[in-house]
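S.K.: Sequence below, structure please.
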Amino acid sequence: MIIDFHTHVFPDNVAPKAIKALENAAEMFDIKAVADGTLNSLKTSMKNADVDCSVTFGVATKPSQVSSINNWAIENNNPDAGIVFFGAMHPDYENSLDEIKRLTDAGIKGIKLHGEFQNFPADLEKMFPIYKALSDAGLFVIFHCGDDLFAGDSGNSSAARVKNVTNKFQNLKIIAAHGGSFKQWDESIKHLSGKENIWIDISFLPGYISDELWNKLLESFGFEKILLGSDFPWMAQQTVIDWLKSKNLDKQIENAILGGNAEKLLELCS
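M.R.: Presented below is the predicted three-dimensional model:
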């Protein structure tokens, strides 16, 4: 199986504005979306790249967005068709524990947090009740980690801060995006490798990480802890798949990263 653990889509009426705003934010890096950011565009990409399942999520930049993003996630979550939605959360959302229960009851498997866009450090004490509730419910949390070409780098999403979360909540299942710390991979290796409750994805690594650092990540984390991720629509799913296959890994390792590891984690998409 091929499972892309890191994609983004927007409702049809939101996608054009969201894509334009993000392209403008990353204009200095000349980053353009490879698709229009709708759910249908993701399905088309999956078909073209032979992707069996995609995990997709949005980010609530305001507390008022949490409920509507989660409503859309619940409505469109369809694991049998290979579309797995994660929910959203915000540190200032007042009904966070009830919302986590609602997500759990609806079959949502996790949430996405982005300290740069949401303006909070990953180890903010105010988040601890949320992390505990996620841990108790068996839900994943995927953190944006490291630098961000759209929002900059305040240090909110550093590997060191994520390590503090893993140390305090050792049963919380954490996915550290972008190799654990985008453009700061030595920090990822230093703080996050060897943690039982943490996985990394390879979203947006092609074109940015050197072969030397990639090999260090693979050796430090072990292939069982690495998940395929594209960051679609900001990088084509086929691009990341081709990049991974170009590494000429042992087939067992390649297949595990392409989807075997994610299939075990999600217990679905089969």
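S.K.: just checking, residue 55 touches residue 4?
M.R.: Yes - the criterion here is Cβ atoms under 8 Å, and residue 55 meets it with residue 4 at 6.9 Å. C-beta coordinates here come from the backbone N, C-alpha and C atoms, glycine included.
S.K.: Name the nearest residue to residue 41, ignoring sequence neighbours.
M.R.: residue 35 (3.9 Å; Cβ to Cβ, 6 or more residues apart in numbering).
S.K.: I'd say that neighbour and residue 232 touch.
M.R.: Yes - at 6.9 Å, residue 35 counts as touching residue 232 under the criterion of Cβ under 8 Å.
S.K.: So the two - more neighbours on which side?
M.R.: residue 232 (29 against 18; other Cβ atoms under 10 Å).
S.K.: so who does the closest residue to the more buried one other than its chain neighbours touch?
M.R.: For residue 232, ignoring the flanking residues on the chain, the nearest one in space by Cβ to Cβ, 6+ apart is residue 7 at 4.3 Å. Neighbour list for residue 7: 42, 54-57, 229-233, 237 [criterion: Cβ atoms under 8 Å, 6 or more residues apart in numbering].
S.K.: mind running it again at 6 Å?
M.R.: Residues in contact with residue 7, defined by Cβ atoms under 6 Å, 6 or more residues apart in numbering, are 42, 54, 56, 232.
S.K.: Now render these as a markdown table, adding distance to residue 162.
M.R.: Formatted as a markdown table, the contacts of residue 7 follow (distance: Cβ to Cβ, whole Å):
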| residue | distance to residue 162 |
| --- | --- |
| 42 | 27 |
| 54 | 23 |
| 56 | 21 |
| 232 | 23 |
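S.K.: Inside helices: which ones of these?
M.R.: Judged by DSSP state H, the contacts of residue 7 include residue 42 as members of helices.
S.K.: can you redo the contacts of residue 7 as a markdown table with distance to residue 225 and pLDDT?
M.R.: Output for the contacts of residue 7, formatted as a markdown table (distance: Cβ to Cβ, whole Å; pLDDT from 0 to 100):
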| residue | distance to residue 225 | pLDDT |
| --- | --- | --- |
| 42 | 25 | 98 |
| 54 | 20 | 98 |
| 56 | 21 | 97 |
| 232 | 22 | 97 |
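S.K.: which one of the contacts of residue 7 is nearest residue 80?
M.R.: For those, the residue nearest residue 80 by Cβ to Cβ is residue 54; the value is 13.4 Å.
S.K.: Counting neighbours, what do you get for the closest one?
M.R.: Considering only other Cβ under 10 Å, residue 54 is surrounded by 28 other residues.
S.K.: ok, now which ones touch it?
M.R.: Per Cβ under 6 Å, 6+ apart, neighbours of residue 54: 4, 7, 42, 46.
S.K.: Kindly recompute the last result at 7 Å.
M.R.: Contact analysis of residue 54 by Cβ atoms under 7 Å, 6 or more residues apart in numbering lists 4, 7, 42, 46, 82-84.
S.K.: Go through those and single out the one with the most neighbours.
M.R.: residue 4 (31 neighbours).
S.K.: beta partners for it?
M.R.: Under the criterion DSSP bridges, residue 4 forms beta bridges with residue 54.
S.K.: Can you show me the helices along the stretch 1-150 of the chain?
M.R.: For the stretch 1-150 of the chain, the helices defined by DSSP state H, counting those that start in this stretch cover 15-25, 39-49, 66-76, 96-105, 115-118, 128-137.
S.K.: now the stretch 151-270 of the chain
M.R.: Using DSSP H, counting those that start in this stretch, helices in the stretch 151-270 of the chain cover 159-168, 185-192, 211-221, 237-245, 251-255, 261-266.
S.K.: Fine, thanks again, bye for now.
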